[in-house]
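# Following is a predicted model, sequence given first.
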Amino acid sequence: MKNQHMTTDTSGKDMLVEKADTTPLDIGSSVSGPTGPPLIDDDITYPEGGVRAWLVVLGAWSGLAASLGVYNSTGVIEAYVSRELLPDESPSTIGWIFGVYAFMTWICGAQVGPTFDAKGPRGLLIAGSLCTLVGVFALSFSTEYYQFILAFSVLAGGGASLLITPAMGSVAHWFFERRGLASGIAFTGGGVGGVLFPLMMQSLLPQVGWAWSIRILGFILLILCSISVTFCQSRIPPRNGPHTTWRDTLPDLRIFLDGTGAMSMTTAALFLVDLAYLVPMTYIPSYYLDRQGLPADKTLSGDAAFAYQLLAIANGSSCFGRYVAGALADQFGRYNTLIVSLFFCLASVAGFWLPDALAPNFDSIALLILFTILFGFVSGSNVSLTPICLGQLCDIQDYGKYYATCYTVCSLGCLISIPIAGSLLDATGMMGKQGYWGAIAYTAASYLAAFLCIVWVRIRVKGWDWRVKW
C-alpha cells in the first residue's frame with residue numbers, strides 16, 4: 001500500500017507524491033527543507049466549483065492564452081521576420097531572438113512562487129501584462145535586430161514568465177478533488193492561442209501588414225490580460241508555512257549529488273527535450289515555405305498560407321495529446337508514460353520529417369502533415385508530465401527547490417536550441433527542404449538521448465519490471 005498526498009508546486013502545477021511503506025528513494029537527503037511544518041491539503045476546504053472558482057479558471061485560461069499562446073506561435077513570427085524583415089541575417093542570428101524569448105519565458109517561473117504565496121497573483125499578473133503588452137506593441141515598430149531582441153525576447157518573454165505561474169497557482173487555491181480537470185481546462189488556453197494566433201496572422205498580414213497585425217494581436221492580449229488580472233485570485237495561506245522564504249525555492253546544485261543519479265539524469269533528459277521541442281515548433285512554417293520553393297515576396301499569399309495552418313494543426317493536436325497523456329499517466333505511471341511519449345516524438349521526427357527532407361524528388365506533403373499531427377499530439381506531454389515526474393523524486397517540502405533547479409538548467413536548453421538549429425541550417429549550405437536535414441537530425445538525436453536518459457532512470461529506480469506503475 002502507498003500513502004498518496006496531493007500538493008501544488010510553486011507554479012501551480014499538480015503533483016502526486018507517493019511514499020511507500022518501505023524505505024523511500026533517497027534523493028536529495030542532504031538538502032534541508034523549509035523550517036516550518038507544511039500545511040497539508042487536509043487542513044483546507046476547497047470550493048470545488050461555483051461561480052467564483054470557475055471565474056478563476058477563466059482568468060487562468062486567459063493568462064495562459066496570452067503567454068503560452070504566443071509561445072506556441074513563434075513559428076509564424078520566425079517565418080515572417082527571417083524572410084521579410086531581416087532577410088540579410090543568418091538563421092543562427094535570427095535563432096537568438098527566439099532562443100532568448102524561450103529562455104526568458106521559463107527562467108523566472110519557479111522563483112516567483114514565493115511572491116505568489118505571500119502577495120497573491122494580482123501584482124505579478126499586472127507586471128506580466130505590462131511587460132507583455134509593451135513588448136508586443138514595441139515589436140510592431142521594430143525594424144532593427146536589437147529592437148526585436150529587446151521588445152520580443154526580453155520584454156514579451158519576461159512578461160510571459162510572470163503570467164504563467166500566478167495563473168496556474170490561482171486554480172490550485174480553489175480546487176483539490178477536481179484540480180486536474182480545472183487545471184486541464186486552464187491549460188487549453190495555451191493550445192487555443194497557439195491555434196488561433198497563427199490563423200489570425202495568416203489572415204491579417206496580407207491585408208494590413210506586419211505592424212498592424214502585431215498591434216491587433218496586442219489588443220487581443222490586452223483583453224486576455226485584463227480578464228486574467230480581474231478574475232485570478234488566491235484564497236489560502238502559504239502552503240509551506242510562515243517560515244518559507246524565496247530562498248527555499250532557489251536552485252541548489254547539491255541535489256544532483258544524490259546516490260542514485262535519478263535527478264541528474266532526469267534533468268539531463270528534460271534539457272535535451274527542450275533542445276529538441278522548440279525546433280519543429282519554430283521552423284515548421286519556414287520549412288514548408290522552403291520546401292515549396294516559395295520566394296520571400298510570396299510569404300503572405302497563395303500556397304504559403306498553409307505554412308501558418310501547419311503550426312495551428314500542431315498546436316491543436318497538442319491540446320488533445322496533453323489530455324490523453326495525463327489520463328494515461330494516472331493509470332500507468334508518469335515516467336512510463338513519458339518514455340512512450342519520447343519514443344513517439346523520436347519516431348515522428350526520424351520516421352516522417354527526416355525522410356521528407358532527404359527525398360529530393362518527393363513532392364507529396366503527406367509525410368509532413370503526418371509528422372505535424374503526430375508530433376503535435378505526442379510532444380504536448382513533454383511540458384505537462386515533466387513537473388509531475390520531478391515530484392516523484394523528492395519529498396513534498398523539497399519540491400520547490402527541485403523544480404527551480406531543474407528548470408533553471410532546462411531554460412538554458414531553450415536559450416541555445418534555436419541558435420544551434422540555425423547554425424546547422426547555415427552549415428548545410430543547401431537550398432530548399434534538404435537544407436534542414438542537419439537541424440532535423442539534431443532534433444532526432446536530442447530526443448533519442450532524452451529517451452535513453454528517462455529509460456535509465458526508470459530502470460535504475462524501479463528495475464526491469466515494466467508492469468510496475470511509476
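Right, received. Where do you want to start?

# check contacts around Gly191.
Shown in contact with Gly191 (CB atoms under 8 Å, 6 or more residues apart in numbering): Leu68, Gly69, Asn72, Asn315, Gly316, Ser318, Cys319, Arg322, Gly380. Quick note: C-beta positions are derived from backbone N, CA and C, even for glycine.

# Spatially nearest residue to the third one (excluding sequence neighbours)?
Nearest in space to Asn72, with sequence neighbours left out and distances taken as CB to CB, 6 or more residues apart in numbering, is Gly194 at 3.0 Å.

# Pull up the gap between the one you found and Gly316, please.
Using CB to CB, to the nearest Å, Gly194 is found at 8 Å from Gly316.

# So those two - more neighbours on which side?
Gly194 (28 against 19; other CB atoms under 10 Å).

# That one contacts Leu310, correct?
No. Counting by CB atoms under 8 Å, Gly194 stays clear of Leu310, with 11.9 Å between them.

# So which elements touch the helix or strand where Thr93 lies?
Thr93 is part of helix 91-107, with elements assigned from DSSP states H and E. Helices and strands touching helix 91-107, by 3 or more CB pairs under 8 Å, 6 or more residues apart in numbering; DSSP states H and E, are helix 51-71, helix 74-80, helix 145-148, helix 157-172, helix 262-291, helix 399-428.

# Could you list the residues in contact with that helix?
Residues outside helix 91-107 that contact it (CB under 8 Å, 6+ apart): 67, 71, 74, 77-78, 81-82, 86, 145, 148-149, 152-154, 156-158, 160-161, 164, 274, 278, 282, 407-408, 410-412, 414-423, 425-426.

# Now restrict these to buried residues only.
Neighbour counting with 16 or more other CB atoms under 10 Å marks 67, 71, 74, 77-78, 81-82, 86, 145, 148-149, 152-154, 156-158, 160-161, 164, 274, 278, 282, 407-408, 410-412, 414-423, 425 as buried within the contacts of helix 91-107.

# Neighbours of Asp363, how many?
By the criterion of other CB under 10 Å, Asp363 has 8 neighbours.

# Assign it to helix, strand or coil.
At Asp363 the chain is in coil, as set by DSSP: H, G, I helix; E, B strand; the rest coil.

# Next up, the contacts around it.
No contacts exist for Asp363 under CB under 8 Å, 6+ apart.

# gap between it and Phe375?
Counting by CB to CB, the separation of Asp363 from Phe375 is 21 Å.

# any idea what sits nearest Pro91, other than its immediate chain neighbours?
Pro91's closest residue in space is Gly422 (CB to CB, 6+ apart), at 3.6 Å.

# typed the wrong thing, it's Val229
Excluding its sequence neighbours, the residue lying closest to Val229 (CB to CB, 6+ apart) is Leu125, at 4.7 Å.

# same check, this time on Trp456
Per CB to CB, 6+ apart, closest to Trp456 is Met265, 5.6 Å.

# Now do the one you found, the pLDDT please.
According to the prediction, Met265 has pLDDT 87.

# min pLDDT across the contacts of Gly191, which one?
Arg322 (73).

# So what's the residue count around that one?
Using other CB under 10 Å, Arg322 is surrounded by 23 other residues.

# Just give the nearest non-adjacent residue to it, would you?
Per CB to CB, 6+ apart, closest to Arg322 is Gly380, 4.0 Å.

# Now do the contacts for the one you found.
Gly380 sits next to Gly191, Ser317, Ser318, Cys319, Phe320, Gly321, Arg322, Ala325 when contact means CB under 8 Å, 6+ apart.

# Run the angle between the strand or helix carrying it and helix 51-71 for me.
Per DSSP H and E, Gly380 falls inside helix 366-391. Relative orientation of helix 366-391 and helix 51-71, computed by axes from the mean of the first three to the mean of the last three CA atoms, to 10 degrees: 130 degrees.

# For helix 366-391, what is the distance to the chain centroid?
Mean-position distance between helix 366-391 and its chain equals 11 Å (CA atoms, centre = their mean, to the nearest Å).

# buried stuff in stretch 225-234?
The neighbour-count check on stretch 225-234 (16+ other CB under 10 Å) flags Cys225, Ile227, Ser228, Val229, Phe231, Cys232, Gln233, Ser234 as buried.

# What mean pLDDT does that stretch get?
Rounded mean pLDDT across stretch 225-234 is 90.

# Contacts made by it with the rest, please.
Defining contact as CB under 8 Å, 6+ apart, one finds that stretch 225-234 is touched by 55-56, 58-60, 62-63, 66, 116, 120-122, 125-126, 128-129, 132-133, 163, 166-167, 169-170, 173.

# What remains of these if I keep only buried residues?
In these, the ones that pass as buried (16+ other CB under 10 Å) are 55-56, 58-60, 62-63, 66, 116, 120-122, 125, 128-129, 132-133, 163, 166-167, 169-170, 173.
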